[in-house]
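Undergrad: Sequence and computational prediction follow.
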Amino acid sequence: MKCKIRKWELSDAGNLAAALSNKKIQDNLRDGLPYPYTEQDGADFISDMLSADENETFAFAIIVDNKVIGSIGVFRQGNIHRQTAELGYYIAEEYWGKGIMTEAVKQICEYVFAQSDIIRIYAEPFTYNIASCRVLEKAGFQYEGTLRNNAVKNGNVVDMKMYSRIKEIF
């Protein structure tokens, strides 16, 4: 099953809300997202992404069969980390385990490395999110280490893993 990534459109809000109103997905994301996630929440997010600086925020919808099934973004860091960016993503549960997210991660990395001066993209999945760790490994990311007691999620202190992909410079 092939996917593509594309810039967000306001009409994507309904599909975004349908994908994100799932506790299993939100349990693997950072806090701060409303639950249930409404179409208005989606519209607000999409508006924010469309108005963001395109050299700082690389935000895309993940599309399968002309339908938005998830979100992927790379977010530039600041100061001495200005050429480093953090990757975040999710897809609707019914699309898990089909290789779609790996393909989307590869696509966004290629785009960001080609269209910006970013030299390092990193991700920090929770250690219990084995599927996300596998996505990163299959997309060419290298495991760098475990960030012990790095976050509090759902009332539990949890470890996170650090992965990165470095721009190939020849």
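TA: Here it is on my side, so go on. Here the structure is a predicted model, which means the values were calculated and not measured.
Undergrad: And Thr127, how far from Thr146?
TA: Counting by C-beta to C-beta, to the nearest Å, the gap from Thr127 to Thr146 is 6 Å. All C-beta spots, glycine's among them, are computed from the backbone N, C-alpha and C.
Undergrad: Overlap of the contact sets of the two?
TA: 159-161 (C-beta atoms under 8 Å, 6 or more residues apart in numbering).
Undergrad: Quick one: list the elements packing against the helix or strand of the chain with the lowest mean pLDDT.
TA: Among the helices and strands of the chain, helix 23-26 carries the lowest confidence by mean pLDDT, DSSP states H and E, at a mean of 91. For helix 23-26, not one helix or strand is in contact under the criterion 3 or more C-beta pairs under 8 Å, 6 or more residues apart in numbering; DSSP states H and E.
Undergrad: what's downstream of that helix, the next helix or strand?
TA: Reading on from helix 23-26 to the C-terminus, the next helix or strand found by DSSP states H and E is helix 39-51.
Undergrad: more neighbours, Thr127 and Thr146?
TA: For Thr127 versus Thr146, neighbours defined as other C-beta atoms under 10 Å are more numerous around Thr127 (15 against 12).
Undergrad: If we go by neighbour counts, what in the longest helix along the chain is buried?
TA: Longest helix of the chain, by residue count under DSSP state H: helix 100-115. Residues of helix 100-115 classed as buried: 100-109, 112-113 (neighbour count, 16 or more other C-beta atoms under 10 Å).
Undergrad: cool, stretch 154-170 as well?
TA: So stretch 154-170, judged by 16+ other C-beta under 10 Å, has buried residues 158, 160-165.
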